[in-house]
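**Q** Got a sequence here, can you build the structure:
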Amino acid sequence: MKRVNILLSTYNGESYIEQQIDSLIKQDYPACYIFIRDDGSTDGTCACLRQYEKKDRIFITYGKNLGFLRSFKTLLSDVCEGDYWAFCDQDDIWYCDKVSKAVRWMDNCSNDVPLLYQCSYYLTNERLEKIGICGPMIKKYNL
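**A** Residues are numbered from 1 along each chain as shown. As a prediction, the model looks like this:
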């Protein structure tokens, strides 16, 4: 079974962080590993993250504020073993089959080219009520 590394950079995200991590833990694809880097939060995010430190397949690091791009780059450089990498914004809450659908799609693609998978997502308000939907951007990438 292919290993999927889910990368998450947090910064002052305490409002949704528990719901988000719980949605990652509940993925129906069994070979998910969750790597979280806190990017110098000053709110209660780190206290929320500490609840997850001893959970299986969750790895958390705390660092100074680098900005989201450099924070994700740090995560990428720290996580070398795996087959697929999934990037998660700190306010995303995933359906339980998100990873399994992505893996199924990628496993059916040619493995002689790099793959990039993007799915549609719902926009919500602060009460997580759906207010819109965004489809994947259709672009041709030349990797």
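
**Q** got the buried residues for the least confident helix or strand in the chain by mean pLDDT?
**A** Least confident helix or strand of the chain, by mean pLDDT, DSSP states H and E, is strand 121-124 with a mean of 82. Buried residues in strand 121-124, counted by 16 or more other CB atoms under 10 Å: residue 121. Placement of C-beta: from N, CA and C, glycine included.

**Q** try stretch 84-102
**A** Quick answer for stretch 84-102 (16+ other CB under 10 Å): 84, 86, 88, 90, 93, 94, 98, 99, 100, 102.

**Q** Out of those residues, flag the one nearest to residue 15.
**A** residue 90 (9.4 Å; CB to CB).

**Q** Please tell me how far the residue sitting nearest the centre point of the chain sits from residue 42.
**A** The centre of the chain sits closest to residue 88, judged by CA atoms, centre = their mean, with a distance of 2.5 Å. As defined by CB to CB, to the nearest Å, residue 88 lies at a distance of 21 Å from residue 42.
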